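In: Need a 3D model of the sequence below.
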Amino acid sequence: QLQASGGGLVQPGGSLRLSCAARGLVLDYYAIGWFRQAPGKEREGVQCISTSGGSTSYADSVKGRFTISRDNAKDTVYLQMNSLKPEDTAVYYCAASPVCDKSQALYHFWGQGTLVTVSS
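Out: Down below sits the predicted model:
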C-alpha cells in the first residue's frame, strides 16, 4: 500500500513537501501519481512520475509551482508544493499505476490521503 503524509496548515505563498511511502510494494516498478480532492469537488490528477523519472502535470494550475520526484532507494515519492494558494486546499492522495495516465481507473494501491489547508 501507499501512505501519503506531510500535509498541514500553511499560509498562502508558503510551501509543503508531501511524501508517498510504499509499504510492501516495490516502488521501482510503478509510476506514481498525486491526486487531490477539494471539498465538494471531484478528485483530480495533479502530477505523475514515471518509473524512469519523467514527470507529467495534469493540473494546469500547479505548473511551475509543484514538483514531483522519486527516491526509489527509499521507496518514496515526493510532491514539493511552493507558492501555495487557498485553492490548493484539498486532501492529497498518491497511487500507483503501470504508466502515467490521466485516467484514475489505471491507478491502484490508493492510500489514505493527507490534508493540505492553505489559509491565513
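
In: hey, let's count contacts and neighbours off CA atoms from now on
Out: Will do.

In: Residue 20: how many residues sit nearby?
Out: Residue 20 is flanked by 26 other residues according to other CA atoms under 10 Å.

In: Contact partners for residue 86?
Out: By CA atoms under 8 Å, 6 or more residues apart in numbering, the residues touching residue 86 are 12, 117-119.

In: if we go to 7 Å?
Out: Taking CA atoms under 7 Å, 6 or more residues apart in numbering as the contact definition, residue 86 lies against 12, 118-119.

In: Could I get those in CSV, plus columns for neighbour count, distance to residue 93 and pLDDT?
Out: As requested, the contacts of residue 86 are exported to CSV (neighbours: other CA atoms under 10 Å; distance: CA to CA, whole Å; pLDDT from 0 to 100):
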residue, neighbour count, distance to residue 93, pLDDT
12, 17, 21, 98
118, 20, 17, 98
119, 16, 20, 96
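
In: With secondary structure as added columns, please give those residues in TSV.
Out: Rendered in TSV, the data for the contacts of residue 86 read as follows (DSSP: H, G, I helix; E, B strand; the rest coil):
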residue	secondary structure
12	coil
118	strand
119	coil
